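Engineer: Show me the folded form of this:
(2 chains)
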Amino acid sequence: MNIKECTIAYVNSETVMDSGVNFFATTFRELAAFNEARKRFLSAVNNGGMHEDWEKGARLFSFAHAKLARTPCRPSWLLNELLNNQGGEDILERLRTRASNVDPIIRDTFHELENGFRDLSKLGESPLLAQVRKAVPTDSKTVYVLRDLKLWQEVEKCLGDIISRDLFELVKPSSLREHQQAERLCIFGPPWYLNYRNEQYLLRAPAAPKVSMIGCAHEFQGRIMISGLSDKLHISPSPSPTEQENDNLSNFEPFTTIQTGQLRFKDSGGSRAWETGKLVEAWSFKLGSSFGTFFNCESKVWIVLVQNIKGVPTCTGVEKIDVEDLEPGHLILMTTHGGGDMIPVVADMILPHSKQIRELQMNWKERLLTEIEEYGMDQVCACLKRYGATKATIPNVRNWTNPRSLGMENLDSDLKAVLKLVGLDAMHKKIKDSIVALRGAHQSAGAQLQKRLRESLADMKLSEVFKEGFMEIKHGNGPAKTIFLIEERGAPEDVPVEWEGEIRELDE
Amino acid sequence: MKNFKSKGIPLSSVDKNSLPKWALGLVSTGELISRNAKENADKKLTVALCLPRVDYAAAFLGLGIMKARCTSGNSDGEQERLKQLVGKWVSFEGPRKTAVGILEHYEDSEEFSIRLYSKIPKEESMTEEEWKNFQPPKVTAAWTVLMPKHYSKVHPTGRAFNEQRRVGTNQIQSVVSQNHSVTTLNKLLGTNFAEAFPEMTKSPFCIIGNKSRIQNELTDPLFENEKTCLAEILRPGYLAKYSDSRCCDILSARALNTDGSPSVVMTEGSRNLADTLVSSRGTNRIILLGRNSPAYEESVECLMDEFSIRKTEAPEIKSESSTAIITMPFYH
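Structural biologist: This next block holds a predicted model:
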């Protein structure tokens, strides 16, 4: 970010702090009635110790309410998707068979909710769109925030029906952390929802000087604190909300958005020679096809941007984001053997004969590992020192065996000693040259990363990712990378630093 | 939508006569913090600054700290400063051109003048034989007598000046070019930073945060088609040319120990903030919290914990220039 962009960010922030946020509330009668029944149902199910199916039903109703209240999707389309394409009808069918055996309050509310679904299914347009027409001037460009990437095409279509395509743009909330120049920002949902989703930055450091929020009158509540340093300063929507805060936010959150439990991974067979025992705080993620991985909480990863073009999900670019912002529905780019670091992949694109060089690397590393397994780390270090290595300490030797490390700093004494130990001393020059070439390629790759990744994925059809949960991409004999669908986010935990980015099987 | 993530779009030449309000606000905040810390030397001050983003914040606050140091001398500071420069090569930024010469002082009249003349090599730079045979060049000297209002425009020639070479157009140009950043920033900030900074054994402040981004902020040009950059004032120690006269050190966000105990530590809020707060209790500190940061909530929580444990009242330190800058000062 440069000074000019900073200036825009400060002006946006000052304007929003001084003028506040315009809130456009719509009366969505059918949904308000559905929501009342939903809350009663949820409360009864939670208190009653009910069968798992009832809990699934409660989550289905909550999910439907959340999407209808906080996106401008057509209710008829959304409910059809939920019930007929995402297994919602199966859940309802199972509940219908159980309904006669449960508490009359649950049974009656369940029927009320089913009727609610029926009424909502008849609506071909979201009432939120009426507010969009009212809120958004037709002469300036507006950026609309959309959280759920699965609804991208539908929301784009709904907005496109009432606004010229070149006057609006859909963006993910996380992409607004860095400055983007917009004239107006429009957020769907009530103020309290930003607190719940930790998205207060959309108002605290806004990407536009004018911010509108569009939501349903029945859940129009909450305030955003400007800084958190003082509870006196708020960004209040205008008109003011009827209530200050929601009493039970968890009632409103749909399932599959934020998971708080830890994911369980299959045992990978204990620690390996290169593991240092150092721990790092990492988020766990469930990837498509029963895989999972950990990412350091403070690292960044590459995601693939996708848009539906003529009904086919198609890559439109790549973006580096904070792991903190990685969410279910994102497509993450990883190396085929694991890891979010794309530099090796691009380095291999740059480097001629990269395959042979990598094989050469693997060869001496594997031989060194065999020596360690056979004689132990202490013996190997001592032997390397005898052969002239100057830095053969246990942590260094561990690092040399790590498949992700390029090699040792000293390619004369240390590499020579290792090669002598593993019986490859005749290849010293060849291996030394290959490590030097790899290092050079890694440095160039850092600078060319985004451009190369974008080029290699441009206009790629990504249907397979959504069907299989992942998709491997190869370019001729070049290096392979894999796009994974993020399905769930687990809780952060301390894991060995070497586990970061490793693709592991989940224990389901 | 275009994402302006690329760097290198400096302020346009239209903006050249002023810095943005928020930047001036940060400079004045840095100045206030520095003065407050100096006036209350028996206490340690913490100031949390909540900003739309942290980019450039440390750099402009650093300018404020340097500004407070530079203007905190006595009223006769300029005259005293010039006395230290008597007999040395100095530059004088005149109304039409910059002159270079040796500064002289007349004790009777308390006047200063600059003697502009061909240079004489230093005796110690010549062998005994050479010195014996040396014929001083013909003096084509002229004097510029300085009026007190001009004192602030006299500065040491600095590193760009080669005393062993003739004072010609090229030499003056190089002094002018080196001084340009300092002169431009002096105009923008109403300061009087000297082009040649005194040797310093320790940096007055250090910045803990995203090292590579901060380094770029200091060395990237501020204006289009110009070389003015903040590094000429902030003189980060990592650049070899400032190693003897550095004003700040830049450390990565994971650093817990600051070298040379600077009088102010500026820390960008990150997940390491709790550790940094503990390790920096012995110094004055400025905590920069970017409201767009993923670690914002966590950073605020750490800071409020620190505040509740160690707070004592501190006077308000508030920027009038931008309502987007929110401050919370306390003594710890």
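Engineer: contacts and neighbour counts: CA atoms only from here.
Structural biologist: Will do.
Engineer: which ones are touching the residue in the stretch 151-300 of chain B that chain A sits nearest to?
Structural biologist: The nearest approach of the stretch 151-300 of chain B to chain A comes at B:Asn292, 5.1 Å away (C-alpha to the nearest C-alpha). Taking C-alpha atoms under 8 Å, 6 or more residues apart in numbering or on different chains as the contact definition, B:Asn292 lies against A:Arg177, A:Glu178, A:Tyr201, A:Leu202, A:Arg204, A:Ala205, B:Pro52, B:Arg53.
Engineer: centroid residue for chain B?
Structural biologist: Ranked by distance to the mean C-alpha position of chain B (C-alpha atoms, centre = their mean), the top residue is B:Ile233 at 2.8 Å.
Engineer: burial count for the spatially closest residue to A:Ile226 that is not a sequence neighbour?
Structural biologist: Leaving aside its chain neighbours, A:Ile226 sits nearest to A:His234 (5.1 Å; criterion: C-alpha to C-alpha, 6 or more residues apart in numbering or on different chains). A:His234 has 16 neighbours, counted by other C-alpha atoms under 10 Å in any protein chain shown.
Engineer: pretty sure A:His234 contacts A:Arg204?
Structural biologist: No - in this structure A:His234 lies outside contact range of A:Arg204 using C-alpha atoms under 8 Å: 9.6 Å.
Engineer: The helix or strand encompassing A:Phe295 near chain B anywhere?
Structural biologist: In this structure, A:Phe295 is located in strand A:291-296 according to DSSP states H and E. No - figure legend: strand A:291-296 not in contact with chain B (C-alpha under 8 Å from any C-alpha of the partner chain); closest approach 11.8 Å.
Engineer: do stretch A:438-446 as well
Structural biologist: No - judged by C-alpha under 8 Å from any C-alpha, stretch A:438-446 makes no contact with chain B; its nearest approach is 14.2 Å.
Engineer: CA-only coordinates of that stretch, as PDB, when you get a sec.
Structural biologist: Output in PDB follows, covering the C-alpha atoms of stretch A:438-446 (Å, rounded to 0.1, in the frame of the first residue of the first chain):
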ATOM      1  CA  LEU A 438      17.600 -24.700  -7.500                       C
ATOM      2  CA  ARG A 439      18.400 -21.800  -5.200                       C
ATOM      3  CA  GLY A 440      18.600 -19.400  -8.100                       C
ATOM      4  CA  ALA A 441      15.300 -20.700  -9.500                       C
ATOM      5  CA  HIS A 442      13.600 -20.300  -6.100                       C
ATOM      6  CA  GLN A 443      14.800 -16.700  -5.900                       C
ATOM      7  CA  SER A 444      13.400 -15.900  -9.400                       C
ATOM      8  CA  ALA A 445      10.200 -17.900  -8.600                       C
ATOM      9  CA  GLY A 446       9.500 -15.600  -5.600                       C
END
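Engineer: tell me, what's touching A:His234 and A:Arg204 both at once?
Structural biologist: With C-alpha under 8 Å, 6+ apart, A:His234 and A:Arg204 have common neighbours A:Ile226.
Engineer: any idea which strand is longest in chain A?
Structural biologist: Longest strand of chain A, by residue count under DSSP state E: strand A:481-496.
Engineer: Buried residues, that strand. List them.
Structural biologist: Neighbour-count burial for strand A:481-496, counted by 16 or more other C-alpha atoms under 10 Å in any protein chain shown, picks out A:481-490, A:492, A:495-496.
Engineer: Which members of these are the farthest-apart pair?
Structural biologist: A:Lys481 and A:Pro492 (25.6 Å; C-alpha to C-alpha).
Engineer: I'd like to know how far the residue of the stretch 151-300 of chain B closest to chain A sits from B:Tyr238.
Structural biologist: B:Asn292 is 28 Å from B:Tyr238, where distance means C-alpha to C-alpha, to the nearest Å.
Engineer: A:Lys451 too?
Structural biologist: Separation of A:Lys451 from B:Tyr238 (C-alpha to C-alpha) stands at 30 Å.
Engineer: And stretch A:389-398, end to end?
Structural biologist: Terminal residues of stretch A:389-398 lie 14 Å apart, using C-alpha to C-alpha.
Engineer: average pLDDT across it?
Structural biologist: Throughout stretch A:389-398, pLDDT has a mean value of 87.
Engineer: cool, and stretch A:458-469?
Structural biologist: The model assigns stretch A:458-469 a mean pLDDT of 81.
Engineer: Stretch B:64-77 too?
Structural biologist: Stretch B:64-77 shows an average pLDDT of 69 in the prediction.
Engineer: I'd like to know how many residues surround B:Leu32.
Structural biologist: Neighbour number of B:Leu32 under other C-alpha under 10 Å is 21.
Engineer: Next, the closest residue to it other than its chain neighbours: phi, psi?
Structural biologist: Nearest residue to B:Leu32 in three dimensions, chain neighbours excluded: B:Ile317, at 6.8 Å (C-alpha to C-alpha, 6+ apart). Backbone torsions for B:Ile317, taken as degrees, to the nearest 10, come to phi -120, psi 110.
Engineer: What residues does B:Ile317 make contact with?
Structural biologist: For B:Ile317, the contact set (C-alpha under 8 Å, 6+ apart) comprises B:Thr29, B:Leu32, B:Ile33, B:Thr327, B:Met328, B:Pro329.
Engineer: can I get the residues you listed in CSV with secondary structure?
Structural biologist: Formatted as CSV, those follow (DSSP: H, G, I helix; E, B strand; the rest coil):
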residue, secondary structure
B:Thr29, helix
B:Leu32, helix
B:Ile33, helix
B:Thr327, strand
B:Met328, strand
B:Pro329, strand
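Engineer: any idea how far the spatially most distant residue from the centre of chain A lies from chain B?
Structural biologist: Ranked by distance from the centre of chain A (C-alpha atoms, centre = their mean), the top residue is A:Arg386, with 49.6 Å. Taking C-alpha to the nearest C-alpha, to the nearest Å as the measure, A:Arg386 falls 36 Å from chain B.
Engineer: same question, A:Ala207
Structural biologist: From A:Ala207 over to chain B (counting by C-alpha to the nearest C-alpha), the distance is 10 Å.
Engineer: Confirm that residue sits in a strand?
Structural biologist: No - assignment of A:Ala207 by three-state DSSP gives coil, placing it outside any strand.
Engineer: thinking it is in contact with A:Ala182, fair?
Structural biologist: Yes - here A:Ala207 lies in contact with A:Ala182, judged by C-alpha under 8 Å, at a distance of 6.3 Å.
Engineer: more neighbours, those two?
Structural biologist: Neighbour count, other C-alpha under 10 Å: between A:Ala207 and A:Ala182, A:Ala207 has more, with 29 against 20.
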